[in-house]
Structure formats: structure tokens, C-alpha cells
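In: Output the structure for:
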Amino acid sequence: MSGAALGIEIVVVFFLALFLLHRYGDFKKQHKMVLFGTLLAWYLCFLIVFILPLDVSTTIYKQCKIDNEEHSTYSAVTVHSNQSTRNDSTTPAGLRKECYKPWSYIPDGIMPIFWRVVYWTSQCLTWLLLPFMQSYARSGGFSITGKIKTALIENAIYYGTYLLIFGSLLIYVAVHPNLIGHLDWYQLQTIGITAANTWGLFLLVLLLGYGLVEIPRSYWNASRRGHLLMKTYFKAAKLMTEKADAEESLEDAMEEVRKVSECIKYNHPLRKNIDTILKKCPTEYQEKMGRNMDDYEDFDEKQNVYPSEKSLVKLHKQVIYAVQRHNRTRVQWQILLETAFHLEDVAKNETSGTHQFVRSCTPQEPEGFISRYLYTPTVEWYWECLLRQWCYRILAVTLTLFSVAVVWSECTFFSTQPVLSLFAVFIQLAEKTYNYLYIEMACFLTIFFLCTCVYSTVFRIRVFNYYYLASHHQTDAYSLQFSGMLFCRLTPPLCLNFLGLIHMDSAISHQNREQTAYTSIMGSMRVLSFIADGFYIYYPMLIVLLCIATYFSLGTRCLNLLGFQQFVGDNDMTSDLIDEGKELIRREKRKRQRVEDGENRRREWKERYGNQREDYTRNRNVQSSEMKETNYSDTNNSNRQAMKYTRSNNRPERDRIELLQEAEPMDFNAETFADDPLDAEAGRHPAVGRYLSMSRSRIFDDV
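Out: This next block holds a predicted model:
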């Protein structure tokens, strides 16, 4: 199994990242470079989370071998100095501790290269490529040069901040008397890594302090259906306001585009820029503007005042932002509607005596194999109405205990004698029994929980709602790039902080132990003592204050006082928004039910009367063909004359009658073709000859 576990996890993680990107992104509509950059960023971050437990177990095995070698050396020296005491019953071999190789052991020399490639590729993506690609795609420029220039200007703040941190650390090292003599490339590299990790740890603690409290509380509130439904109504009222604002902004942008499009004609030099803007508009607006175009008119440079290229760049960026915001709010509204309808259905089905889950609206997605055969209405009723709330409560209690362990360990991980960090205690107990599978699972679950707390906080806080991850291929390109950029910035410092929690980072624990390959790539933080001994140890203690503030909802109450409506139970504004959202959901449900009822009626009408109409048409064709054979010779001439002199005079009147009565024309048949269905219905049997005469006459006989 030497290196096999590493290869298997590399392949599995790739398909996991590809599956998630397919679920959230759209392979058909989004640009290939956006998809490739996001896939690579997600893949590298998932590799760090999945491969780090293997690095920990391999390091523990190496530490065991080092301890045995040191013990053998010490025993050999002791035996050589005491050669006269040969009758000693204890042998050096008997004191040795047997080391068991882990099932996922990775040979020497592989992990340092692996971590170096993964880390530096992810850092290049998050600090250079992804921000540049995001600004490039959002730029309003019409040429590659213009977009590159705009992207560089927008990212100058990020690049300047990073260079400022790196320069400050470099100046500190340069003026430090103990480090001037041996400042080399490796230490400069360590300074750069320290700058990136410092930025990531600063944001990491803020997000973690919110997520450690909010995630367990969200699952506990999810078990309270009344509370969850009220909060959904509240979100609906706020989202409808944002959705209306987005639609209004889109209308204003489209009005500006229409005016500019009508002003700049087809042969104007800036017309190609207008066409580029029109391609970014929604399809219905493109068709509307295309119908109002008078491209046969030439432009007159002397008489009209035309917009400049700079104003078109600004308009282009405004259109991109308006379309993106409109699409985002539309997707959020659809997801929120489905959630509200489902919660209302659960509330109605709780009192059902049939134990069958009944939906008020047909789901938008078609039923799959699991929903059709396994997840039956009975199973769904027991899960939604009975089991789900208890599972959520058990999960909330478990996550609460996990959060308490994380907060305690973050405040005490610097203490090595005695060991106070709970995660370090668990890992060291498993290390004594060489339970490598437990060590790897414990490391993976802990890292996964920390990542969930951090990443979900970003997409949960209202300030970051500009970026939104929506499933079913509804996530826009900017949110995908932002998520990849955020993952690459926060995952390395988060994993380094986890190694400090389990006392496997010697720069923090100050223990003479074998370091993991991941820590060796990060470099020794002792180059910057005030960060290794100060910031990395005491700053995570801020999590305690942040958790207390989140538990009492201090941030939510402050935002509510400042005028930003937040969900606060004892507030009149919250009650008004809940009532408004409830009415909006009821209106949308009535609208959807009317559409479904109309479709059902049309389907039933077609199934009931479709066959009868076909039989009626078939019998009618047979009857007309028999009458044609008997009456053709008697009625041919008379009907031709009548048709010649009366057709043009009565046609307008017959058209008006047909429109008023909504007469349905008969099915076309070459042998029973009639000029007017009303005439045929009024005198169906006496006018049989007319049908026959029309079938034999030519088109231009009455001209």
C-alpha cells in the first residue's frame, strides 16, 4: 500500500471537485477559463483537507522510529559503560517500542514535493490569477487591453495590501540584529508565507467565532418548524424588496442601452461596441430592441451628439452588474419559494391521519428513481414530520460539543505541560495504540468541521450576499471565482492552525518532535518571533469574545438599530416583515396553482375529447367522399358561379363573424376543403356541392 492511498485520494478528490462544480456551475453557458480556474482552486483546497490526515499518520510513524533509534543509542552506551554487569535481566531489545506502519504510509520525499506544488499553485491562483480573472470578466472594456488595464487597477488594492505586509515583515527582519547575517532565500520565502497566513488567520478567527455558534444554533432552529417558517417569511419580504430593486436597475440600464442603440446607427464606428453590450442583455430585451432598429438610417456626425467610448465602457459595466444582480435575486427567490412551500406542506401534513405526505404544489424537478420507488409519500411523512426534527436536535447537540472543544483548544493549545488541548489529548491517546485509522478520521472530521464553520459564514452573512452559491447550475461565474479565491486563502492557515491544536507544529508547541511535511513547507515561524510567539498564540483567543457576541446576537441587534432589518423576535418591524412575506408566499402559491390547474384541465380535455374528435373527423371525411360521388355532376357549375361573384364581397363580414364567435377551423383535407368554416357549419348538408366544386376548381378561376 506504499503510496497507493495517496494516489487513490488524489483521483477521488478530483471527481468530488468536478461533481460539485457540475452541481453549482453550468458547463454549457459559463466560460471555460472560469470553470477551469474554479475547478483547480477547489481541487487543490480539497487535496489539503483530505491528504493532511495521511501526513499526520505518516509523521507519527516516523516519530516512533526516531524514538526507537534514540533509545537504542542510549541503551548501547549504557551497556558499554556497564560491561561488568552482564547478569542484568533487562536487555535493550526488551525496552524498545515496536512501531507499526500505517496502512496509508507515504514514502519519504513524496509529501514535501506534493505540498510544495499544491501550496504555491493555490497561492498563485488566489492572489494573482483568480482576482485578475474576476475583474477581467466584470470589466466594461471592449478590447483585451482595456480589460487588462481595468483589472490591474481594481486589484491594485489587494496587491498593495499584500506587498505592504510583506514589506513590513521584510523590514523587521532586516533591522533585527540576530537575523541580518543569515537572511537567505529560504527565509524570504518563509516571510512571504507568513504574510499570507497572517492575513488568512486574521479573517479566519473572525469567521470562525461566528460559525462555531451559528451553525449549531441553525440546526437547532431547523428542528423548530414554526420558527423556521417565520424566518422564511421574513427572508421573503426582504428578498422581494431586493428583487424589485434589481429589476428596476435592470430596466434603467436597458433604457439607457435602448437610447444609445437608437442613437448610434449601423455604420457608426462605435456600433460594434453597442453590439457587444446588446449581447450581454437578456434575450427578451435583445428582441425588443431589434424590432425598433432603423438601420437603414445613416448617422450624421455634425447634427447628433454621440456618447464617447468611455461612457460606453461605463454603461457596459453597469449592464453586466445589473444582469448579474437580476439573475442572482431571481435564483434566490425561486429557492426561497420552494423552501417556503415545503415548510407549509410539512406544517399541514403534521396533523394528517393517513401518514401520507401531500404536496400543495408539484415540484419543479422531475421525480427520480429514489423519489419514485424508495422515498415514497409514507416514508417522506415519517421523515419530515417525525424523524427529521429529532435528528436535527441530536446533530445540534453534537456540533455544540464540537464547538466547545474547538474554543477550549484554541485558548489552551500553547500549553504542552500539561496538555490541555482536547484534540491533542485524543491524538496522543490514539498514538500510543497506533490506531492510525482513528487518527486520520479524527483529523479529517475536525478539519472538515472548521472549514464548514468558516466557509458557510461567508455565504451566510448579509454583507457577503453579493456572492451566492446556488445548486442546480444556478451559480454565476463571479461567485464561483470568489469561492475558489476564498478557499485558497483560508484553507492553508486553517490547516496550520489545526496542526497547532494537536501539537504537531513545533513553532508553536516548542517541542522537539518530527514535523509534518506540510509544516516544513510552511517554514519555521521562528524567523519572525513576534508572530510565532505572539500573534499565532494569543490572537485565536479572540474566538471566545466573538462566540459570546454571536450567542447573544449583539451584531444582529446593532445592525437592526442602525436600520438594517434583521430577524429579531421581539421587534415590530420583524412582525410586519413576517406578515408581508406570508402574503407574498400565499400570492405566489395561488399563481403557481392556477398555472398547474390550467395545465391539468388542458391535459384532461385532450385525453377525454381528443379521440372523439379524431373519430368525428374520420366519419365526416367518409360521408363527404360518398356525397361527392353522387352529387358532383349536379352542383359543379352552380357553385362555381356562386363562388365567383360572392366570395370577395362577403369575405370581410365572414372574417368579423369568425373573430367574434371564435370559430375553430376544421381540419384540412384535400377532398373536403372549404373556403369558409362558418359557411360550412351554417349549411353543412345543403352545401355539399360547394365543397366538391372547390376541390375541383383551380386557384385563379375567379380572377
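
In: Quick check: mean pLDDT of the helix or strand hosting Tyr609?
Out: Element membership for Tyr609 (DSSP states H and E) is helix 572-661. In this model, helix 572-661 carries a mean pLDDT of 66.

In: tell me which element the residue positioned nearest the centre of the chain is part of?
Out: The residue lying closest to the centre of the chain (CA atoms, centre = their mean) is Leu469, at 2.3 Å. Using DSSP H and E, Leu469 sits within no helix or strand.

In: And the pLDDT at it?
Out: At Leu469, pLDDT is 77.

In: in terms of contact, does it touch Phe459 like I think?
Out: Yes. Between Leu469 and Phe459 a contact is recorded at 5.8 Å, counting by CB atoms under 8 Å. C-beta here means a position set from N, CA and C on the backbone, and glycine is covered the same way.

In: Name the SS class of Met240, please.
Out: helix (DSSP: H, G, I helix; E, B strand; the rest coil).

In: which one is it nearest to, not counting chain neighbours?
Out: Leaving out its chain neighbours, the residue that sits closest to Met240 by CB to CB, 6 or more residues apart in numbering is Leu584, at 5.6 Å.

In: Tally up the residues packed near that neighbour, please.
Out: 19 (other CB atoms under 10 Å).

In: Now do the contacts for it.
Out: Leu584 makes contact with 236-237, 240, according to CB atoms under 8 Å, 6 or more residues apart in numbering.

In: thought Asp476 was touching Asn327?
Out: Yes. Asp476 is within contact range of Asn327, at 6.3 Å (criterion: CB under 8 Å).

In: If you count surrounding residues, which of these two has more?
Out: Asp476 (23 against 16).

In: What does the pLDDT read for the more buried one?
Out: At Asp476, pLDDT is 80.

In: So that it lines up with my notes, have the first residue be 235 from now on.
Out: Fine by me, first position is 235 from now on; the one you just mentioned is Asp710.

In: what about Leu273, how many neighbours?
Out: Neighbour count for Leu273, taken as other CB under 10 Å: 19.

In: which stretch of helix or strand covers the nearest residue to it once chain neighbours are set aside?
Out: Leaving aside its sequence neighbours, Leu273 sits nearest to Leu255 (CB to CB, 6+ apart; 5.2 Å). Assigned by DSSP H and E, Leu255 falls within helix 238-258.

In: so what secondary structure elements neighbour the helix or strand following that helix?
Out: Once the chain leaves helix 238-258, the next helix or strand it forms, by DSSP H and E, is helix 266-315. Using 3 or more CB pairs under 8 Å, 6 or more residues apart in numbering; DSSP states H and E, the elements in contact with helix 266-315 are helix 238-258, helix 326-329, helix 344-358, helix 364-372, helix 670-694, helix 711-735, helix 751-756.

In: how about those helices in TSV, adding distance to Ala430 and mean neighbour count?
Out: Shown next, in TSV, are the helices and strands packed on helix 266-315 (distance: least, CB to CB, whole Å; neighbours: other CB atoms under 10 Å):
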stretch	distance to Ala430	mean neighbour count
helix 238-258	22	15
helix 326-329	45	10
helix 344-358	6	17
helix 364-372	14	21
helix 670-694	16	19
helix 711-735	7	24
helix 751-756	10	22
